[in-house]
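# What would the 3D arrangement of this be:
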Amino acid sequence: MTTKAQSMTQLVRQVRTCFNQLRSLAENLAADLDVNPSMRAIMESLSQRGPCTVPDLAQERGTSRQHVQKVINALLDQGHVQSQDNPEHKRSVLYLLTTQGAETFAEIRRREMAPMGKLTDALDQTDITAAAEVLARLNLELECIINKGDPTDGT
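Next up is the predicted model:
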């Protein structure tokens, strides 16, 4: 019989494997565009949310500000993002996709359609929904553990 702890260990291993496979897929799909998976993730956030600060992006992505700043700097160098003044904070500028960045991200999304379609076809809608819900809860719990909060206390 499998214990709950063993099941959690299996889940985490599967998440790590899935993350690595998705990373490899992203690298392969965008290699000729000179966009790595970290850059792709930031471009996705900016595409969905619009202008954001580095701290906002770091919090959303669950990573350090330093890592996001390195990625933003690379995107700036390539002309995929630009900065603009932040009316709410003088020292924390907003970053947004340039036209070139939006076009590059659209091309990446176009290339992802075929493999994502295959994944969608391979799984039942119920399983996809359940997995998304479990992963969302897992991320919430992890965020609370990292921040030393209690995910069940409502704060």
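# For L123, grab the count of nearby residues.
Using other Cβ atoms under 10 Å as the criterion, L123 is surrounded by 11 other residues. Using the backbone N, CA and C atoms, a C-beta is placed for each residue, glycine as well.
# can you map out the helices along this structure?
Secondary structure of the chain (DSSP state H): helices located at 4-30, 37-49, 54-61, 65-78, 99-122, 125-146.
# Pick the most deeply packed of those helices.
Sort the helices of the chain by mean neighbour count, taking mean count of other Cβ atoms under 10 Å, and helix 37-49 sits at the top with a mean of 19.
# Show me what it is packed up against.
Packed against helix 37-49 by the contact rule (3 or more Cβ pairs under 8 Å, 6 or more residues apart in numbering; DSSP states H and E) you find helix 4-30, helix 54-61, helix 65-78, strand 81-84, strand 94-97, helix 99-122.
# Return the last one as CSV; C-alpha atoms alone will do.
The C-alpha coordinates for helix 99-122 follow below in CSV (Å, rounded to 0.1, in the frame of the first residue of the first chain):
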residue,chain,number,x,y,z
THR,A,99,6.1,45.1,-31.2
GLN,A,100,9.1,42.8,-32.0
GLY,A,101,8.6,41.0,-28.7
ALA,A,102,4.9,40.5,-29.2
GLU,A,103,5.5,39.2,-32.7
THR,A,104,8.2,36.8,-31.5
PHE,A,105,6.0,35.5,-28.7
ALA,A,106,3.1,35.0,-31.1
GLU,A,107,5.4,32.9,-33.3
ILE,A,108,6.4,30.8,-30.2
ARG,A,109,2.7,30.3,-29.4
ARG,A,110,2.0,29.3,-33.0
ARG,A,111,4.8,26.7,-32.8
GLU,A,112,3.5,25.3,-29.5
MET,A,113,0.0,24.7,-30.9
ALA,A,114,0.8,21.3,-32.5
PRO,A,115,2.5,19.7,-29.4
MET,A,116,-0.1,21.2,-27.1
GLY,A,117,-2.9,19.8,-29.3
LYS,A,118,-1.3,16.3,-29.1
LEU,A,119,-1.2,16.6,-25.3
THR,A,120,-4.8,17.8,-25.2
ASP,A,121,-5.9,14.9,-27.4
ALA,A,122,-4.0,12.4,-25.2
